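**Q** only geometry, no sequence info:
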Ligand code: HEM
């Protein structure tokens, strides 16, 4: 997605790596707790700690980057782009909300697969049976890959990219689960805790895509999940995200044999921030399968 938005031909002035840096920093700074959010009278503490300054600087860098993208795009289309502010808002939302979340979900899915060889084997078998090895898996295949879809669902459950849904504000007085919530209250929903609640999920800490497999015995899970939020502000690109993540993971499984490396260990520690990356980026060895070499050599 980043490549599509910053492709060199159109955006010679934009460095995709710099954009990635800004995105990672944005999630990291936003993810540190603000004292002022909990005790509004103490907002000055956030200013003293430099959080407010960092947020403002990041906002300025994001604006400059997105403005550069739009200006380049306008030049490329000879001035036919739409309204500036609206474009900036749209493009910025897509870049900043969609890249890190999708990329780290793919990384977590692969980490789970390389540490669960039986699951990897089942995923590979499903792809080989339904897609084969004469061509690469594509989006249209996803409907015939229900197990891969379960792998993605289980990754979104256990390794929720946005562990705490961004703050919402109660628009009116209400009661939730017996708690009174006054109008104007800032509400934070801990999706990660809901996804790992032992009262609704069996062995919640286990990575088990089978829990989503729709069985005749009615075994499919019905417990609440909200990796994309809920309600009116729910992620507008859930469909796109699930498709991009699904096809990416399926292609990685289809094309490569995976190994964890010499020490056979993957550090599954969760990192901090607004999103939940792996604390140590996944390091694994992948070798292209024979058919990939054939496909590549015939397409050259
Ligand atoms: C694994 C991938 C993704 C996850 C887990 C995810 C999750 C979320 C969550 C939890 C929210 C907040 C919902 C709320 O406030 O209730 C959100 C909002 C949003 N997401 Fe996603 N998202 C993902 C991918 C994407 C992609 C690929 C795009 C765009 C291409 C995108 C665009 C947006 C936008 C624009 C919003 C803000 C909506 C608003 O405030 O009204 N997301 N996402």
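**A** Yep, it's here. These numbers were taken from a predicted model, which means no experiment stands behind them.

**Q** Show me which residues of the stretch 101-250 of the chain sit near the ligand.
**A** 101-102, 105, 161-162, 165-166, 227-229, 233-237, 240-241 (C-beta under 6 Å from any ligand atom). Placement of C-beta: from N, CA and C, glycine included.

**Q** What about the residues you listed, which are in strands?
**A** Those of those mapping onto strands are 165, 166, per DSSP state E.

**Q** hmm, which of the residues of the stretch 101-250 of the chain next to the ligand are the buried ones?
**A** Buried members of these, scored by 16 or more other C-beta atoms under 10 Å, are 101, 102, 105, 161, 162, 165, 227, 228, 229, 235, 237, 241.

**Q** Out of those, list just those in helices.
**A** 101, 102, 105, 241 (DSSP state H).

**Q** For the second one, give its distance to residue 248.
**A** In other words, residue 102. Counting by C-beta to C-beta, to the nearest Å, the separation of residue 102 from residue 248 is 8 Å.

**Q** so where's the stretch 51-200 of the chain shaky on pLDDT?
**A** Low-confidence segments of the stretch 51-200 of the chain (pLDDT under 70): 76-95.

**Q** And the stretch 201-300 of the chain, by the same measure?
**A** For the stretch 201-300 of the chain, the stretches with pLDDT under 70 are 214-222, 262, 299-300.

**Q** That one: strands as residue ranges?
**A** 256-259, 285-288 (DSSP state E, counting those that start in this stretch).

**Q** residue boundaries of the helices in the stretch 151-300 of the chain?
**A** Ranges of helices in the stretch 151-300 of the chain, per DSSP state H, counting those that start in this stretch, are 191-195, 238-255, 290-299.

**Q** What are the buried residues along the shortest one?
**A** What it means is helix 191-195. Neighbour-count burial for helix 191-195 flags 191, 192, 194, 195 (criterion: 16+ other C-beta under 10 Å).

**Q** Pick the one among these closest to the ligand.
**A** Taking C-beta to the nearest ligand atom as the measure, the ligand sits nearest to residue 191 out of the buried residues of helix 191-195, at 6.9 Å.

**Q** From what I see, that closest one and residue 160 are in contact.
**A** Yes: between residue 191 and residue 160 there is a contact under C-beta atoms under 8 Å: 5.2 Å.

**Q** shared neighbours of the two, anything?
**A** residue 227 (C-beta atoms under 8 Å, 6 or more residues apart in numbering).

**Q** What's the separation between residue 203 and residue 117?
**A** For residue 203, the distance to residue 117 (C-beta to C-beta) stands at 19 Å.

**Q** How about residue 46?
**A** 46 Å.

**Q** And these two? Which one has more around it.
**A** residue 46 (19 against 12; other C-beta atoms under 10 Å).

**Q** and the host helix or strand of that one, average pLDDT?
**A** Under the criterion of DSSP states H and E, residue 46 resides in helix 43-48. Regarding helix 43-48, the rounded mean pLDDT is 86.

**Q** Which strands and helices lie in contact with the helix or strand following that helix?
**A** Downstream of helix 43-48, the first helix or strand assigned by DSSP H and E is helix 51-76. Counting contacts by 3 or more C-beta pairs under 8 Å, 6 or more residues apart in numbering; DSSP states H and E, helix 51-76 packs against helix 16-31, helix 84-114.

**Q** ok now helix 51-76, how far from the chain's centre?
**A** Averaging C-alpha coordinates over helix 51-76 and over its chain gives two centres that are 22 Å apart (C-alpha atoms, centre = their mean, to the nearest Å).

**Q** hmm, that helix touching the ligand?
**A** No: in terms of C-beta under 6 Å from any ligand atom, no part of helix 51-76 sits within range of the ligand; the closest distance is 13.1 Å.

**Q** By neighbour count, which bits of that helix are buried? Give me those.
**A** So helix 51-76, judged by 16+ other C-beta under 10 Å, has buried residues 51, 54, 58, 61, 62, 65, 66, 68, 69, 70, 72, 73.

**Q** now it and helix 16-31, what's the angle there?
**A** 150 degrees (axes from the mean of the first three to the mean of the last three C-alpha atoms, to 10 degrees).

**Q** Looking at the stretch 151-300 of the chain, what residue ends up closest to the ligand?
**A** Nearest residue of the stretch 151-300 of the chain to the ligand (C-beta to the nearest ligand atom) works out as residue 229 at 2.5 Å.

**Q** how near is that residue to residue 181?
**A** Distance, residue 229 to residue 181, by C-beta to C-beta: 17 Å.

**Q** Over to residue 257?
**A** Applying C-beta to C-beta, the value for residue 257 to residue 181 is 52 Å.

**Q** who touches the nearest residue to residue 241 once chain neighbours are set aside in this structure?
**A** Of all residues not flanking residue 241 in the chain, residue 102 sits nearest, at 5.4 Å (C-beta to C-beta, 6 or more residues apart in numbering). When the contact criterion is C-beta under 8 Å, 6+ apart, the partners of residue 102 are 1, 161, 241, 244, 245.
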